[in-house]
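curious how this folds, go ahead:
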Amino acid sequence: MEDNNADSIVSASDDVTQILDNAVVQTSNAKDDEFERLLNNFIACETNDTLTIKDIPDVPNTPLSRPQQTPVPAASAAPTGAFGNDESELAQAYENMIGAVTAIASVYELKMPELAFDAQMLIPNYKPSIGRRIITDTLACWDVMFAAFPEKLSDINPNSNDEQFLNFAEGLSDQNLQLAIISYVEILIDIENCEISYEERRLKAQRKRIERALYEEYQRRRERKLRFIEAVSEHNFPIDAERLINNYFKTSSKDPKAAFEILTTNPAMYAPIENDKIKPKMFGLIKVTPEDGIKENHRIGAFLKKLKA
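All right, here's what the predicted structure looks like:
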């Protein structure tokens with residue numbers, strides 16, 4: 001075996017081993033199931049689904065108050081209880097805005113835009129790509145609102161914060177327009193809340209993925225170590241195979257090449273040669289000497305140098 005074979009039997013240090021052991025203890029079937037669900041729902045989307053706060057207007061989280069309004073047509077709704085809390089609030093705010101704008105379009109004989117979002121898309125959870133669809137729809141709705149109320153809306157700054165939007169909405173007499181603007185502010189706030197929840201889930205999934213990778217690596221190294229122990233034990237060398245390999249693995253993480261050199265030239269550094277296990281010569285007539293121990297040490301080292309496990 002060449003020097004680079006040392007990497008094949010390198011293991012974690014005591015500290016890393018302790019961390020991995022803790023991870024093993026904490027891993028359960030329930031956690032594994034949760035880990036798989038999280039990966040399927042979020043990690044698969046993390047490359048293409050990234051919505052940053054700069055993609056939507058900066059809206060402080062101000063409590064909203066709703067005016068009294070007449071019923072308006074409702075947008076397509078998802079089954080009750082199918083959403084999380086954040087998704088449910090976002091779906092409701094979107095539904096309210098679309099309903100209000102649909103009513104405005106009907107009164108002023110304007111064409112409603114084609115909508116990119118459907119509430120079913122929030123099942124089972126929000127993703128940034130869905131947030132972009134919602135933003136696209138709300139901007140299209142603003143075109144309808146500007147077409148219906150060009151003079152009233154000429155005074156509103158598109159970059160207004162939520163408080164400014166709400167103050168403006170309170171002064172409006174048209175209830176549908178008022179509801180549309182309030183719902184728009186709610187949408188922005190709900191998207192930000194959903195984005196925060198999404199990021200928390202994504203980070204949790206990443207942590208689970210790392211934990212799984214560490215656990216699998218731990219298992220691979222553990223199995224590799226056991227194979228080495230079994231190989232040494234099978235040859236009945238006069239040495240404690242388990243102690244030899246365990247001690248080697250502990251030191252190899254710090255300096256693999258130096259540890260492998262010691263293992264293959266002087267394995268007794270990791271576990272002493274047990275002279276009482278060396279077979280005496282001439283049917284026991286010639287007693288075992290220290291020189292016999294040295295020979296066994298070299299023989300074990302030569303064996304380990306060629307060993308591939």
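
which helix or strand contains I294?
helix 290-306 (DSSP states H and E).

what's in contact with that helix?
1, 232, 235, 237-239, 263-268, 273, 275, 278 (Cβ atoms under 8 Å, 6 or more residues apart in numbering). Any C-beta I mention is one placed from the backbone N, CA and C, and that applies to glycine too.

over to stretch 238-250?
Residues contacting stretch 238-250 (Cβ under 8 Å, 6+ apart): 9-11, 13-14, 221, 225, 228-230, 232-233, 259, 262-263, 267-268, 270-278, 293, 296, 300.

filter these to the buried ones?
9-11, 221, 225, 228-229, 232, 259, 262-263, 267-268, 270-271, 273, 278, 293, 296, 300 (16 or more other Cβ atoms under 10 Å).

among these, which lie within helices?
When the buried ones among the contacts of stretch 238-250 are checked against helices (DSSP state H), the matches are 221, 225, 228-229, 232, 259, 262-263, 293, 296, 300.

buried set for the helix holding I294?
Using 16+ other Cβ under 10 Å as the test for burial, helix 290-306 gives 292-293, 296-297, 300-301, 304-305.

distance to N246 and pLDDT added to those, as TSV?
As requested, the buried residues of helix 290-306 are exported to TSV (distance: Cβ to Cβ, whole Å; pLDDT from 0 to 100):
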residue	distance to N246	pLDDT
D292	25	83
G293	21	85
E296	20	90
N297	18	92
I300	15	93
G301	17	92
L304	14	92
K305	19	90
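
which single one of the residues you listed is nearest to I182?
L304 (75.5 Å; Cβ to Cβ).

state the distance from the nearest residue to A82 once chain neighbours are set aside to S88.
Take A82 and drop its neighbours on the chain: the residue closest to it by Cβ to Cβ, 6 or more residues apart in numbering is I123, 5.1 Å away. To S88, I123 is 11 Å away according to Cβ to Cβ, to the nearest Å.

neighbour-wise, which of the two wins?
The neighbour count for I123 versus S88, taken as other Cβ atoms under 10 Å, is higher for S88 (17 against 14).

now for the contacts of helix 290-306: which two are most distant?
Farthest-apart pair in the contacts of helix 290-306 is M1 and N275; separation 27.2 Å (Cβ to Cβ).

sketch out the low-pLDDT regions of this structure for me.
1-81, 281-286, 309 (pLDDT under 70).

residue ranges of the helices in it, please?
According to DSSP H, the chain carries its helices in the segments 14-26, 29-41, 85-107, 128-148, 162-170, 175-234, 241-252, 256-265, 290-306.

for P113, which of the ones you listed is the nearest?
helix 128-148 (3.7 Å).

doesn't R133 make contact with Y94?
No: here Y94 does not reach R133: they are 10.0 Å apart, not a contact under Cβ atoms under 8 Å.

more neighbours: those two, which one.
Y94 (27 against 17).

got a list of what the more buried one touches?
Y94 neighbours (Cβ under 8 Å, 6+ apart): 75, 117, 119, 134, 137-138, 183, 187.

what is the nearest of those residues to A100?
When the contacts of Y94 are compared against A100 (criterion: Cβ to Cβ), the nearest one is S183, at 6.4 Å.

what's the closest one in contact with, if anything?
Applying Cβ under 8 Å, 6+ apart, the residues near S183 are 93-94, 96-97, 100.

repeat that with 7 Å
93, 96-97, 100 (Cβ atoms under 7 Å, 6 or more residues apart in numbering).

will you turn those into a markdown table that also has distance to R212?
Output for the contacts of S183, formatted as a markdown table (distance: Cβ to Cβ, whole Å):
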| residue | distance to R212 |
| --- | --- |
| A93 | 37 |
| N96 | 42 |
| M97 | 41 |
| A100 | 47 |
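
find residues that contact each of Y94 and R133.
With Cβ under 7 Å, 6+ apart, Y94 and R133 have common neighbours F117.

P150 - how many residues pack around it?
Neighbour count for P150, taken as other Cβ under 10 Å: 9.

and it, how far from K111?
From P150 to K111 the distance is 16 Å (Cβ to Cβ).

how is this structure divided into domains?
With domains defined by automatic domain parsing, the chain comprises 1-13+237-309, 42-210.

before we move on, back to that, which two from the ones in helices among the buried ones among the contacts of stretch 238-250 end up farthest apart in space?
R221 and G293 (30.5 Å).
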